[in-house]
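Visitor: Test case, fold it:
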Amino acid sequence: MKLNYKKLGEGPALIIVHGLYGSLDNWLTIAKKLSENFEVFIIDQRNHGNSPHADSHTYIDMKNDLLEFMDDHKIDKATLIGHSMGGKTVMFFAIDYPERVSNLLVVDIAPKNYSKISDYTPQTINHEHLVSIILNFNLSLYKSRTEINQELAKQIKSEKVRQFLLKNLKRNKDKSFGWKLNIKTISEYLPQIMDGIDESSFTQGKGITGFPVLFIKGEESNYICDDDHKLIRTIFPYAEITTIPKAGHWVHAEQADLLVKTINYFILE
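Guide: Have a look, this model is predicted:
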């Protein structure tokens, strides 16, 4: 699949992979700052942003999309930064193609299964609930983003979450609204999107060690818990884990400057 992307700057290759409901535009501010030291590629994953829609949405798909992207752009090796679902994508990629990875940075996601996460922590997002709302939302009834936001507010209380979802709205040729997201496929593949990495293949010294690894947690997010450190280091034995203060799950939106400083320090120092 030929992914939509933007390229900024010059230097060693660095690829940023967004999360569920996201797009490359969410990372443009970060990419511009990182482009002072790197050739930065920000991509839209399949079924998101302006990349093609498909009937499948697994980490095998997304890992292969990333491989194809790197091959098409003749990128032998790159620093990979992935947030949330994108973090899982780059983890799966790094496990299968360690020789193509310079550095691996995973933002606010662990390698575990998240299918039950909303049951035990209020900070996380109930994805089944959100996907159901989007899937059943009749956009043809509304003439403005304001009207859509007001209607969504009846079911989604968080203004932050609503504004994030509204970035996926587009105008069709007839001026009606549509979703950039392929919400039908995302809904069908949500269990796979929430799935984790089987740690049994990495025990007894079989972890991935060919490049530096950093997991970045948002202080106010519960996506990476203390209990996850053992799993992380089973798969990536020398992984470092750091916390960005005063940030929730969307670290790149809430603490952009600090995230950039953390990334640069880890890679360049």
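Visitor: just for the stretch 1-150 of the chain, where's the confidence low?
Guide: Low-confidence segments of the stretch 1-150 of the chain, defined by pLDDT under 70: 116-125.
Visitor: how about the strands in it?
Guide: Using DSSP state E, counting those that start in this stretch, the strands found in the stretch 1-150 of the chain span residues 5-8, 13-17, 39-43, 78-83, 101-107.
Visitor: same question, the stretch 151-269 of the chain
Guide: 169-171, 177-179, 213-218, 240-244.
Visitor: Of all the ones you listed, which one is nearest Trp27?
Guide: Proximity to Trp27 (Cβ to Cβ) singles out strand 213-218 among the strands of the stretch 151-269 of the chain, at 13.6 Å. (Each C-beta comes from the backbone N, C-alpha and C, glycine too.)
Visitor: What angle do strand 240-244 and that closest one make with each other?
Guide: Orientation of strand 213-218 against strand 240-244 (axes from the mean of the first three to the mean of the last three Cα atoms, to 10 degrees) gives an angle of 20 degrees.
Visitor: Strand 213-218 packs against which elements?
Guide: Applying 3 or more Cβ pairs under 8 Å, 6 or more residues apart in numbering; DSSP states H and E, we find strand 213-218 packed against strand 101-107, strand 240-244, helix 251-254, helix 256-268.
Visitor: Measure how far the last one is from the centre of its chain, please.
Guide: I take that to be helix 256-268. With Cα atoms, centre = their mean, to the nearest Å as the basis, helix 256-268 stands 17 Å off its chain's centre.
Visitor: residues touching the residue lying farthest from the centre of the chain, list them.
Guide: For the chain, the largest distance from the centre (Cα atoms, centre = their mean) belongs to Asp174, which lies 31.4 Å off. Taking Cβ atoms under 8 Å, 6 or more residues apart in numbering as the contact definition, Asp174 lies against nothing.
Visitor: State the distance from it to Asn138.
Guide: From Asp174 over to Asn138 the distance is 16 Å, taken as Cβ to Cβ, to the nearest Å.
Visitor: What of Cys225?
Guide: From Cys225 over to Asn138 the distance is 38 Å, taken as Cβ to Cβ.
Visitor: Neighbour count for those two, which is higher?
Guide: Of the pair Cys225 and Asn138, Cys225 is the one with more neighbours under other Cβ atoms under 10 Å, namely 14 against 7.
Visitor: Give the closest residue to that one in space, chain neighbours not counted.
Guide: Sequence neighbours aside, Ala110 is the residue nearest to Cys225 in space, at 7.6 Å (criterion: Cβ to Cβ, 6 or more residues apart in numbering).
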